[in-house]
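[1] coords please:
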Amino acid sequence: ILVNLGREVLLWRLDVSSPELLCRYPQNYSARSIAASPNGKLFASGFDDGNIALWDLGVCSATPIRMFKLIGETRVMSLVFLHHSRYIASGESSGFVHLWSTEAYDARPVMRF
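    Next up is the predicted model:
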């Protein structure tokens, strides 16, 4: 289970007799939203400055594997993984939605609507 504490996201294992803290993922800013991928391999955190960080749940690291940046003065309000974890959709305070590829190394959105 992932728990958003703002400047830190915690990964817990709950399938044992007592909960076990597996990892602490520090966030540079207070995370507004987080989302776990359906395949259980990734999670994303979105911030008020328009950044989205993509994390590997198999590696306990203080560094995300990829960063995406929204253009302009907008905040990431919500995140969801789509299409077998291949994409992340971000809802923004500007009213737009961006679609990002988790597989491509291009930090630009695939689509905006």
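[2] so where do the helices sit in the chain?
    In the chain, no segments count as helices under DSSP state H.
[3] residue contacts, the residue most central in space within it?
    Note on the chain: the residue nearest the mean C-alpha position is A44, at 1.0 Å, using C-alpha atoms, centre = their mean. Shown in contact with A44 (C-beta atoms under 8 Å, 6 or more residues apart in numbering): 34-35, 37, 52-55, 79, 81, 88. Quick note: C-beta positions are derived from backbone N, CA and C, even for glycine.
[4] Name every strand pairing with the lowest-mean-pLDDT helix or strand in the chain and say which way it goes.
    Using mean pLDDT, DSSP states H and E, strand 111-112 stands out as the lowest-scoring helix or strand of the chain, at a mean of 90. Strand 111-112 has the following sheet partners, assigned by DSSP bridges: strand 97-101 (antiparallel).
[5] how about the strand it pairs with: buried residues?
    If you call a residue buried by 16 or more other C-beta atoms under 10 Å, then strand 97-101 has these buried ones: 97-98, 100-101.
[6] go on, stretch 50-60?
    50-55, 57.
[7] cool, and stretch 27-36?
    Going by 16+ other C-beta under 10 Å, stretch 27-36 has these buried residues: 27, 31-36.
[8] ok, now stretch 86-94?
    So stretch 86-94, judged by 16+ other C-beta under 10 Å, has buried residues 87-92.
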